[in-house]
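1. make a model of this:
(2 chains)
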There are 2 protein chains.
Amino acid sequence: MKIAVLGAGSVGQTMGAALAARGHDVTLGIRNPSGEELSRPRSQAEALTVWQARTKAAVATLSDAAAGAGLIINATQGAGSLEALTAAGAKNLAGKVLIDIANPLDFSRGMPPFLIAGLSGPTSLGEEIQRAFPAARVVKAFNTIAAAVMVDPSLIPGAHDLFIAGNDPDAKAAVSDLARAFGWTNIVDLGGIDGARASESLLPIWVRLYMTGGSPLVNLHVARA
Amino acid sequence: MKIAVLGAGSVGQTMGAALAARGHDVTLGIRNPSGEELSRPRSQAEALTVWQARTKAAVATLSDAAAGAGLIINATQGAGSLEALTAAGAKNLAGKVLIDIANPLDFSRGMPPFLIAGLSGPTSLGEEIQRAFPAARVVKAFNTIAAAVMVDPSLIPGAHDLFIAGNDPDAKAAVSDLARAFGWTNIVDLGGIDGARASESLLPIWVRLYMTGGSPLVNLHVARA
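-> As a prediction, this is how the structure comes out:
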């Protein structure tokens, strides 16, 4: 499948590499392929150069990446996701499955981050993306775990869960298939895209468990009677 | 132990009854023992009458209940907890373990509730209670599950967790002992009282899992590598 991964951070690079390794035709979409994202900070630029050499994946503008893809993954920073998706172009998102991995995190007071006021509480980033791009088939998924765990749940032993939410059942089924290809067996469907309020709210506990336990290899499992 | 349970809702009644059944000397503290809380709504008043007949526990003002107790449980509604604890009296809380079970929920837009803006994000109800009553030994606990599960975790099979947070290690040890008496074996220490941000943030996912699964007998378990 032709997949656009929007965002060149650790989530975008990890997800892109894992999809490329499974034979997908991956294009990494970034704001300015010849500009600042490739040169600043230097460590990220170097990581991206290594990433390209390893994956043989293409790098393009947000718009070009989205235009050519059948499935789109939003791995941009949550605070800038609506702007980045606007740059990708509503027409390039229309009718396509859009996996939203971003979290609306406010780092203005340092660590730990907290949820951005206008993108939490009675709404969520996932909902606002669906509202802004009504023709996209938004599925919130993969946003509650470390990047490495997203594409390899076996890094954490025992039962633990992937949370998904979205309005389009077929889109959720497609995302679930993709997750199962990564090894996910426990997929918890939180219902419509307003379920993103619930999964985005897991960030504070995830960050806290990371801080208190000293490892990002931590996740949650739903226990029911 | 002499325990004051502040709040006559389902959490207060369930916690109070379970503690009384274990031999503790329980007093239920409410705003006006002879007034509106006993008569409005009628179903709550009737439930409280039955509760008193069953438990033989005393009912007193918030202040009188707190004054006579060695351990205090805040089971009031989160939106009114700071006011209720002020009515209970700072001097009656000083030096005592104060278990905060309340969640700062905003029901102004109906169901599902979301976290109250001024009591979430870069703070939490647990922290604000500790800040308002610095001499109290606040432990956030029991706030992430249904009332029935708080006092009987065996209602949900398999491993699932109780989250606690607080600045005073001895107070947390006392609350952990109390939890173990209810049958809790997995107690996850989230560190200082700012860990309440993490456990209070679990409310949106808990409510969502309740809604999508149709049962309040649901909880989470932390999986680590």
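2. which stretches in chain A count as helices?
-> Listed in chain order, the helices of chain A (DSSP state H) span A:10-21, A:42-55, A:62-68, A:81-88, A:90-93, A:125-132, A:147-150, A:169-182, A:196-200, A:203-213.
3. closest to B:I3 out of these?
-> Set against B:I3 and scored by C-beta to C-beta, the helices of chain A come closest in helix A:203-213, at 28.2 Å. C-beta: built from backbone N, CA, C; applies to glycine.
4. neighbouring contacts of that closest one?
-> Here helix A:203-213 makes contact (C-beta atoms under 8 Å, 6 or more residues apart in numbering or on different chains) with A:103, A:105, A:111-115, A:143-146, A:216, A:218-220, B:163, B:188-191, B:195, B:197-199, B:201-202, B:222, B:224.
5. which of those residues are buried?
-> Among the contacts of helix A:203-213, those scoring as buried are A:103, A:105, A:112-115, A:143-146, A:216, A:218-220, B:163, B:188-190, B:195, B:197-199, B:201-202, B:222 (criterion: 16 or more other C-beta atoms under 10 Å in any protein chain shown).
6. among these, which are located in strands?
-> Counting by DSSP state E, the part of the buried ones among the contacts of helix A:203-213 found in strands is A:L105, A:F114, A:L115, A:V218, A:N219, A:L220, B:F163, B:V188, B:D189, B:V222.
7. biggest separation within those residues, which pair?
-> A:L105 and B:D189 (24.1 Å).
8. give me the number of residues near A:F182?
-> 18 (other C-beta atoms under 10 Å in any protein chain shown).
9. circling back to that earlier point, output the helices of chain A in TSV; the columns should cover mean pLDDT.
-> Listed next are those as TSV, based on pLDDT from 0 to 100:
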stretch	mean pLDDT
helix A:10-21	96
helix A:42-55	82
helix A:62-68	97
helix A:81-88	98
helix A:90-93	98
helix A:125-132	98
helix A:147-150	98
helix A:169-182	98
helix A:196-200	98
helix A:203-213	97
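10. and stretch A:205-223, how far apart are its ends?
-> 17 Å (C-alpha to C-alpha, to the nearest Å).
11. what comes up buried for it?
-> A:205-209, A:212, A:216-223.
12. stretch A:119-138 too?
-> Residues A:119-130, A:133, A:136-138 are the ones in stretch A:119-138 that count as buried (16+ other C-beta under 10 Å).
13. which of the residues you listed come close to chain B?
-> A:S120, A:G121, A:P122 (C-beta under 8 Å from any C-beta of the partner chain).
14. can you pull the contacts of the first one?
-> Applying C-beta under 8 Å, 6+ apart to A:S120 gives the contacts A:P104, A:R197, A:E200, A:S201, B:F114, B:L115, B:G121.
15. so the fifth one bridges to which residues?
-> Meaning B:F114. Beta-bridge pairing for B:F114 (DSSP bridges): B:D106.
16. give the contact list for it.
-> B:F114 is in contact with A:S120, A:G121, A:P122, A:R197, B:L105, B:D106, B:P204, counting by C-beta under 8 Å, 6+ apart.
17. tell me the confidence at it?
-> With respect to pLDDT, B:F114 scores 97.
18. got it, and the fourth one?
-> Looking at A:S201, its pLDDT stands at 98.
19. how close does it get to B:S199?
-> 11 Å (C-beta to C-beta, to the nearest Å).
20. equivalent analysis for the fifth one, please.
-> Between B:F114 and B:S199 the computed distance is 16 Å (C-beta to C-beta).
21. thinking again about what came up before, taking the contacts of B:F114 together, which two end up most distant?
-> Pairwise distances across the contacts of B:F114 peak at 14.0 Å for A:S120 and B:L105 (criterion: C-beta to C-beta).
22. stretch A:68-75: end-to-end distance?
-> This stretch, stretch A:68-75, spans 17 Å end to end (C-alpha to C-alpha).
23. distance from the chain centre to it, please.
-> From the chain centre to the centre of stretch A:68-75 is a distance of 10 Å (C-alpha atoms, centre = their mean, to the nearest Å).
24. mind listing what's buried along it?
-> Neighbour counts over stretch A:68-75 (16+ other C-beta under 10 Å) mark A:G68, A:A69, A:L71, A:I72, A:I73, A:N74, A:A75 as buried.
25. let me have these in TSV, extended by distance to chain B.
-> Converted to TSV, the buried residues of stretch A:68-75 look like this (distance: C-beta to the nearest C-beta, whole Å):
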residue	distance to chain B
A:G68	35
A:A69	30
A:L71	25
A:I72	25
A:I73	23
A:N74	21
A:A75	22
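26. least confident of the residues you listed?
-> Among those, A:G68 has the lowest pLDDT, at 93.
27. OK, contacts around that residue?
-> Contact analysis of A:G68 by C-beta under 8 Å, 6+ apart lists A:K2, A:A4, A:T27, A:A60.
28. out of these, which is nearest to chain B?
-> Chain B lies nearest to A:A4 out of the contacts of A:G68, by C-beta to the nearest C-beta, at 29.2 Å.
29. I'd guessed that closest one sits against A:T27; true?
-> Yes - under the criterion of C-beta atoms under 8 Å, A:A4 makes contact with A:T27 at 5.2 Å.
30. what sits in contact with each of the two?
-> Shared contacts of A:A4 and A:T27, defined by C-beta under 8 Å, 6+ apart, comprise A:A65, A:G68, A:A69.
31. can you pull the contacts of A:I164?
-> Going by C-beta under 8 Å, 6+ apart, A:I164 touches A:V139, A:K140, A:A141, A:K172, A:V175, A:S176, A:A179, A:I187, A:V188, A:D189, A:L190, A:S199.
32. cool, and A:T86?
-> A:A132.
33. please convert the ones in strands among the buried ones among the contacts of helix A:203-213 to a markdown table, extending it with distance to B:S10.
-> Putting these into a markdown table (distance: C-beta to C-beta, whole Å) gives the following:
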| residue | distance to B:S10 |
| --- | --- |
| A:L105 | 34 |
| A:F114 | 29 |
| A:L115 | 28 |
| A:V218 | 32 |
| A:N219 | 31 |
| A:L220 | 25 |
| B:F163 | 20 |
| B:V188 | 24 |
| B:D189 | 27 |
| B:V222 | 26 |
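34. related to what we said a few turns ago, make a markdown table out of the contacts of A:S120 and add distance to B:M150.
-> Shown next, in a markdown table, are those (distance: C-beta to C-beta, whole Å):
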| residue | distance to B:M150 |
| --- | --- |
| A:P104 | 31 |
| A:R197 | 24 |
| A:E200 | 26 |
| A:S201 | 21 |
| B:F114 | 22 |
| B:L115 | 20 |
| B:G121 | 26 |
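35. hmm, stretch A:167-183 in reach of chain B?
-> No - judged by C-beta under 8 Å from any C-beta, stretch A:167-183 makes no contact with chain B; its nearest approach is 12.8 Å.
36. hmm, I typed the wrong one, I wanted stretch A:150-162.
-> Yes - using C-beta under 8 Å from any C-beta, stretch A:150-162 comes into contact with chain B via A:L155, A:I156, A:P157, A:G158, A:A159, A:H160.
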